[in-house]
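A.B. asks: the following block contains a protein sequence and its predicted model.
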Amino acid sequence: MSSLQFWKPGTVGPGSTLDRATETEGNVLSSAPLTSSVSIQVARERLPIFKHRQKLLYCVETYGVTIVVGQTGCGKTTQLPQYLYEAGWASDGNIIACTQPRRVAATSVAGRVATEVGTILGDEARILNVIKVGYTIRFEDVSDKERTRILYLTDGMLFRETLIDPLLSRYSVIMIDEAHERSIYTDLLLGLLKKIRRKRPSLRIVVSSATLDASYFLDYFSAGNPEGEATIISLEGRMYPVEVAYLQEPTADYVRKAAETVWNIHLHQASGDILVFLTGREEIDRCLEELSEYLPTLPRNAPRLKLLALHAGLTTEEQLAVFEPAERGTRKVIISTNIAEASVTIDGVKFVVDCGFVKIRIYNPTSTLSSLATVPVSLASSIQRAGRAGRTSSGICYRLYPESALASLPITTPPEITRVDLTTPILQLKSLGIDDLMKFEWVSSPPAETVLRALENLVASGMVGEDGRLTATGEKVAECPVEVNIARMLFMSKEYKCGEEMLTIAAMTTVQDVFIIPEGAAGALAELERRKFTAEEGDHLTLLNAYNAFTRYGRSSSWCKAHALSFRAMSRAVSIRAQLKKYMQRFDLPLESCQGDAKRLRQCLVSGYWRNGAKWVADGTYRSVRGNVVLYVHPNSVLFTRKPRSGWVIFHEMEETKKTQIRILTEIEPDWLLEYGHTFRDKHTGVAIS
DNA sequence: GAGCACTGC
């Protein structure tokens, strides 16, 4: 094979978006001894952010909104809240909050900062009366109402808090970290924070973002506000330079090209692990196959190659394998989805191979269909991906497209809020008293049709009245951490006397990948195990059976393994169920059991899924009641191979892949659909809704 | 007759 057919136009480095590193990332602080405050002090001063300390504090003091452009490794997430604390922003019972889009980030950063300030997290700290740093994520609140001064939490949790305290009055400063990722909760929070600041100007906001988005946030917070409301401050990072190489010609098959590139790197470049970005599991598997075909041609004296896949569908153990250092004389190759772009960080990577594409969710409000589309990555993403090669030393990023294609890349990925169903978020905004959605200051406006569709959905399900205001049920459902149709079933379970079972079904439909069906012979065996739970009525009751069996047999991981169930998913279902149970109790919904009366259960399901009806047709596909769309049953369904006796089903969700598929089906009688399709009478207002 | 980017409450 020829040497690399890449053109190397230069380096992503100083002056660009990845700055030259001054020292190794991360271990400076974590290696500091717990008890020695002196060494911690020294270490903190070595962080690039330190010399901007006074300037940062001045900006927060002077400006309502400070946009911090901080590159990976500058220490903003760990240091800025501490500077603010030391400057007195947490006095008088005030709290400094820092939001993260992911749970792991919130917990791990809180742990690190607790070490730095000389305390610890959790119960031990509570006894010692030294709680200063805490974190809050769903199912886990490691904070103290009185004593926590610096609180790390997921953006979703802070958004939820606005439903209880709309002015977020316990916080003096709120830092929205990783804002450039534009998670839906980040966007909603930023919109609310701009509003909150008008009523509570003393609140300070810090938005931390990557370079390419900073001026967008500045414009957003400056619009309609007095001069000097917002400012930008830029911090250099601690990245090593990454050289970028492009293909000379576009490739028709980037998976094959990726394999070829990996092979070339291995034969011609010095040691260092390789990280490959592809779009999905199928591509990853194919790339692995191509590479294993090369392996026998490896010269006897050449270093070995260790091939690893990384995607969210793997078990935790399988995912952990990518962090294990390879044996001496072996190079690791990690072939990954976008999970390695921001969620998972692997040190030791010196080479990145970027296919230039990503899979993103797209929502079509007209058809209410969600789909996964493979689209070119944004410029911001390609920079982030390249940066993965420069974490521990300088590196090279091979982009599998010509440099000329750079110009056609979008600057950033469209924010999530423009690409998803907004039924639940809009219900929540209404619950916050934001009734005129046209006047809400979105950071990026969602498509008008998506907003209209969400409103229509809310009216049809009795959450919003004809006057555009929340109904009594709507007020309650807005608080529930589940989709609107699921919440509606929980409320209707009172009529059908099946609260106990609906609670389980609600929890089980929320977790994904309950059944583990591996490839090949093991898969056939797993399939047999799953049949033990199968209910002929369909998937909802099958999920119920699986959950009940799980609790009956002691909730053990070995039991799950023996029955082809995911222990992680099942445990999560237990937590979600417990959380939803509290809401049921608060709303006075009885936890009765239907005592095995599956008919009542199925009727209750229709009260939530009444818009998701479908009729079986002779070729084994279904037609949707709304829109007469051709629907294919997902292969994981127990109804995949079987015609429902009545010929009718409701389904949990539909998604467009190569075909339009429906997942989690239950057989129903068609006249049950009519009952809900025509009118739903809101129990509290008595208003009939068509 | 065949499949699933990533998060979050």
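C.D. replies: Here it is on my side, so go on. Numbers count the residues shown, from 1 in each chain, chains lettered A, B, ... in the order given.
A.B. asks: if residue A:654 is in a bridge, with which residues?
C.D. replies: Counting by DSSP bridges, residue A:654 is bridged to residue A:662.
A.B. asks: I'd like to know how far it sits from DNA strand B.
C.D. replies: Using Cβ to the nearest atom of the strand, to the nearest Å, residue A:654 is found at 11 Å from DNA strand B. Using the backbone N, CA and C atoms, a C-beta is placed for each residue, glycine as well.
A.B. asks: give the contact list for that residue.
C.D. replies: Listed by Cβ atoms under 8 Å, 6 or more residues apart in numbering, the contact partners of residue A:654 are A:369, A:370, A:612, A:624, A:631, A:660, A:661, A:662, A:663.
A.B. asks: domains for chain A, by residue range?
C.D. replies: A:27-235, A:240-413, A:420-460, A:478-689 (automatic domain parsing).
A.B. asks: reformat the ones you listed as TSV; add mean pLDDT and distance to residue A:470.
C.D. replies: Listed next are the domains of chain A as TSV, based on pLDDT from 0 to 100; distance: least, Cβ to Cβ, whole Å:
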stretch	mean pLDDT	distance to residue A:470
domain A:27-235	85	12
domain A:240-413	93	21
domain A:420-460	93	5
domain A:478-689	89	7
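A.B. asks: tell me who's in contact with the residue nearest the centre of chain A.
C.D. replies: Taking Cα atoms, centre = their mean, the centroid of chain A lies closest to residue A:102, which sits 6.6 Å from it. Neighbour list for residue A:102: A:154, A:343 [criterion: Cβ under 8 Å, 6+ apart].
A.B. asks: mind checking the backbone torsions on it?
C.D. replies: As for residue A:102, its main-chain torsions (degrees, to the nearest 10) stand at phi -120, psi 150.
A.B. asks: tell me how far it lies from residue A:475.
C.D. replies: 30 Å (Cβ to Cβ, to the nearest Å).
A.B. asks: without its sequence neighbours, what residue ends up closest to residue A:303?
C.D. replies: Closest residue in space to residue A:303, ignoring its immediate chain neighbours: residue A:329 at 5.0 Å, by Cβ to Cβ, 6 or more residues apart in numbering.
A.B. asks: is it true that the one you found touches residue A:306?
C.D. replies: No. Using Cβ atoms under 8 Å, residue A:329 is not in contact with residue A:306, being 10.6 Å away.
A.B. asks: these two: who's more crowded?
C.D. replies: Per other Cβ atoms under 10 Å, whichever of residue A:329 and residue A:306 has more neighbours is residue A:306, with 16 against 9.
A.B. asks: pretty sure that one is in a strand, no?
C.D. replies: Yes. Counting by DSSP: H, G, I helix; E, B strand; the rest coil, residue A:306 is part of a strand.
A.B. asks: that one reaches residue A:333, doesn't it?
C.D. replies: Yes. The criterion here is Cβ under 8 Å, and residue A:306 meets it with residue A:333 at 6.8 Å.
A.B. asks: hang on, the earlier thing: make a markdown table from the contacts of residue A:654 and add neighbour count and distance to DNA strand B to it.
C.D. replies: As requested, the contacts of residue A:654 are exported to a markdown table (neighbours: other Cβ atoms under 10 Å; distance: Cβ to the nearest atom of the strand, whole Å):
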| residue | neighbour count | distance to DNA strand B |
| --- | --- | --- |
| A:369 | 16 | 13 |
| A:370 | 16 | 8 |
| A:612 | 24 | 17 |
| A:624 | 20 | 17 |
| A:631 | 24 | 13 |
| A:660 | 18 | 10 |
| A:661 | 18 | 6 |
| A:662 | 24 | 11 |
| A:663 | 17 | 8 |
